[in-house]
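**Q** Next come a sequence and a model predicted from it.
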Amino acid sequence: MDKTDKKILSLLQADCTLSVSEIAEHVNLSTTPCWKRIKRLEDEKIIKARVALLDGAKIQLGISVFVHIKTQHHDTEWLENFASRVMHYDEVVECYRMSGEWDYLLRVVVKDIAAFDAFYKNLINGIDGLSNVTSSFSMEEIKYTTKLPIT
């Protein structure tokens, strides 16, 4: 990946609605070579998707909850089952396997405390082998970005 690819990626991260010709102009390429670069970046899965970022509060999904999970199970079969189940919860927008004190960290987005309570009950009753689950409610979103620091 060269400097031009990185500039294309940076532009797309800031605004994926830019046309190929607009991107080409910013990176000093003609349209066809620019399109080929974008296509290659997509084929190589460097560009995973182009999406619209929504304001959760404006669509009544303004509560972010960070759920820390511990388990006594660390085998591949359990992990695959856990990952499969987590993928089915629409409220889970991020899931990480962690090092340190907690085994997993989920970011859950809901409209209110009652919605989180329903999710929580579903989670603890729907996945066997959870030994400790604790939650922290975000009081304020200070920084949120999906833009990676490409250099």
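**A** Happy to help now that I have it. Model, not experiment: these values are computed from the prediction.
**Q** immediately after the helix or strand hosting L123, which helix or strand?
**A** If you go by DSSP states H and E, L123 is part of helix 113-126. The helix or strand immediately downstream of helix 113-126 is strand 130-137, counting by DSSP H and E.
**Q** Now A14: closest residue in space, sequence neighbours ignored.
**A** K147 (6.7 Å; CB to CB, 6 or more residues apart in numbering). C-betas here are computed from N, CA, C, even on glycine.
**Q** how about the nearest residue to the most far-flung residue of the chain relative to its centre, chain neighbours excluded?
**A** Within the chain, the residue lying farthest from the chain centre (CA atoms, centre = their mean) is S30, at 32.6 Å. Distances taken as CB to CB, 6+ apart put A24 closest to S30, at 6.1 Å, once the chain neighbours are dropped.
**Q** Would you confirm that the one you found contacts K36?
**A** No: judged on CB atoms under 8 Å, A24 makes no contact with K36 at a distance of 10.7 Å.
**Q** if we can go back for a sec, same for the strand or helix carrying the residue nearest to S30, what does it pack against?
**A** A24 is located in helix 20-26, with elements delineated by DSSP H and E. When contacts are defined as 3 or more CB pairs under 8 Å, 6 or more residues apart in numbering; DSSP states H and E, helix 20-26 packs onto helix 3-14, helix 31-43.
**Q** Give me the contact list for the first one.
**A** Looking back up the chat, that one is helix 3-14. Here helix 3-14 makes contact (CB atoms under 8 Å, 6 or more residues apart in numbering) with 18, 23, 26-27, 29, 34, 37-38, 41, 46-47, 50, 146-148, 150-151.
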